[in-house]
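here's a sequence, model it:
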Amino acid sequence: MEHHLLVISNSRPSYARSHLIGHVSLADLAAGRLQDLASLQYSAVVLHSYPGPKGEKGPMATLLREIPAQVPIGWIGWGYDYYPDLIFGDPTGDSQYLPETRAILRQLARQQTIRKCADFRTWSPHRLRRRLARSMHRAHDLTGVHPAGLGATFDRFSLFAPRLPREYALVAKKFSESIPPFAEFHYRDVETYRIFEHLRHSGSLSPTASGLLVGNAAEPVVNHLDALVSLGRHGVVFPLVTFPGAYGNARYLDLVQRYFRKRYSASSVVMREFLPLKEYAERINQYSAFFHAGLRNHGGWNISAMLAGNRRIFLRSENPLLSHLREVGAVVHEFSDLAYSSQLWAEPFDAVERRQADEYWDLQVAHSDSRIVNIEFINRLLDCRNK
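Below is the predicted model:
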């Protein structure tokens, strides 16, 4: 029997290039340009991320209602879509921001309100104060996070593939009755791992480096300023600090940089240019350590690239990615490790750590081809139709 699969994603994935597999872009879905979805013939649906808004009136909820009940749906989560509602229990997404970042987002929200209201000089003082006060509670609008409502639609999915098994366990604690079965789906790219292997064996990387890399993008979920404040509290003397900012909210990162310079009188730069992946991996490995103060799994490509170069990675203890990386044998740290040595970030790996890193990478390369796992995901989804 020939199965017709419908894939909903930003761009058509490599496995969906068969004429038997249909594709719908998330952009078309969000814009309401799907006029004849009900007329399409498909045996299962694969959803690559669940974009907001996620309430009953959101485009995704409308789509789920249009898909026949007997058609199984597999949800491949990206993190941003399930962490706020299903793990943090906060549909607004505000709880993923730490205090310093929240303050920056409130300031950005006020600035945005004033910019949008070019005629604010004609307003009464009362109206202006009311508008500014309302903007204090809209910081999440700047980052694309919208009120969710996944609890109402969660049981519509036949399989759920979050980024990490540990994340599934966290969701299951709150949704034990409605959570779909766990499934794996990976975006591992053999070509990317070839870049990482080249970094490890080409001799192009110095065993020592300098400077700090904070975050992977101009996104508030990184909690950039909170990371830097934590380093300052642990007595880190700041060298040159670099913020990757090729994508995200440039205004947010500008404020982070301004506050950092004012508070610590230290030098910092923003890496704004887009680079080919190989060149970018080499560039970020010029730094001694990578810091990410996010509370959720985020920035995995950058972390993998720097682990390939035996650079030190610092994550918050609340981040499930930290526990996962330790379980699979990577050399990673939490911010509190700096309490024992404020210069730990600058120390090259010792012999034990290098051996541990080699064993970790042997395992990663062995599993770098995700095609078998992903085919199993599709087969399991199609099997759900017969149950």
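
so, low pLDDT: which residues of the protein?
For the chain, applying pLDDT under 70 flags the ranges 1-3, 29-40, 52-58, 113-123, 128, 131-152, 203-209, 386-387.

if we use 50, what do you get?
For the chain, applying pLDDT under 50 flags the ranges 1, 137-148.

so where do the helices sit in it?
26-30, 59-66, 99-116, 125-135, 165-174, 190-201, 224-233, 250-264, 277-284, 300-308, 320-327, 351-366, 371-384 (DSSP state H).

redo those as TSV? Include distance to I73.
The C-beta positions use only the backbone N, C-alpha and C, and glycine is treated the same way. Listed next are the helices of the chain as TSV, based on distance: least, C-beta to C-beta, whole Å:
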stretch	distance to I73
helix 26-30	14
helix 59-66	7
helix 99-116	33
helix 125-135	37
helix 165-174	17
helix 190-201	28
helix 224-233	36
helix 250-264	34
helix 277-284	32
helix 300-308	25
helix 320-327	24
helix 351-366	30
helix 371-384	8
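
now those helices in a markdown table, with distance to L212 and mean neighbour count?
Output for the helices of the chain, formatted as a markdown table (distance: least, C-beta to C-beta, whole Å; neighbours: other C-beta atoms under 10 Å):
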| stretch | distance to L212 | mean neighbour count |
| --- | --- | --- |
| helix 26-30 | 35 | 16 |
| helix 59-66 | 39 | 16 |
| helix 99-116 | 17 | 17 |
| helix 125-135 | 33 | 13 |
| helix 165-174 | 27 | 16 |
| helix 190-201 | 19 | 16 |
| helix 224-233 | 8 | 22 |
| helix 250-264 | 11 | 17 |
| helix 277-284 | 11 | 18 |
| helix 300-308 | 12 | 21 |
| helix 320-327 | 18 | 19 |
| helix 351-366 | 19 | 14 |
| helix 371-384 | 35 | 16 |
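
how many residues are close by I87?
The number of residues packed near I87 is 21, by other C-beta atoms under 10 Å.

nearest spatial neighbour of it, skipping sequence neighbours?
Leaving aside its sequence neighbours, I87 sits nearest to L170 (C-beta to C-beta, 6 or more residues apart in numbering; 5.0 Å).

is it correct that Y287 is in contact with L212?
Yes: with contact defined as C-beta atoms under 8 Å, Y287 counts as touching L212 (6.2 Å).

between these two, which contacts overlap?
Residues touching both Y287 and L212 by C-beta atoms under 8 Å, 6 or more residues apart in numbering: T242.

what's the separation between the most centrally placed residue in the chain and L321?
Nearest to the geometric centre of the chain sits H298, at 3.5 Å (C-alpha atoms, centre = their mean). Plainly put, H298 is 8 Å away from L321 if you go by C-beta to C-beta, to the nearest Å.

ok, back up a step: quick one, phi psi at the residue nearest to the centre of the chain?
In this entry, H298 is assigned phi and psi values of phi -170, psi 140 (degrees, to the nearest 10).

how close does it get to W345?
Separation of H298 from W345 (C-beta to C-beta): 20 Å.

which segments of this structure make up each domain?
As recorded under automatic domain parsing, the domains making up the chain are 5-88+146-185, 94-143, 190-366.

and those as CSV, adding distance to D383?
Formatted as CSV, the domains of the chain follow (distance: least, C-beta to C-beta, whole Å):
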stretch, distance to D383
domain 5-88+146-185, 8
domain 94-143, 35
domain 190-366, 27
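
out of those domains, which is closest to L381?
Closest to L381 of these, according to C-beta to C-beta: domain 5-88+146-185, at 4.4 Å.
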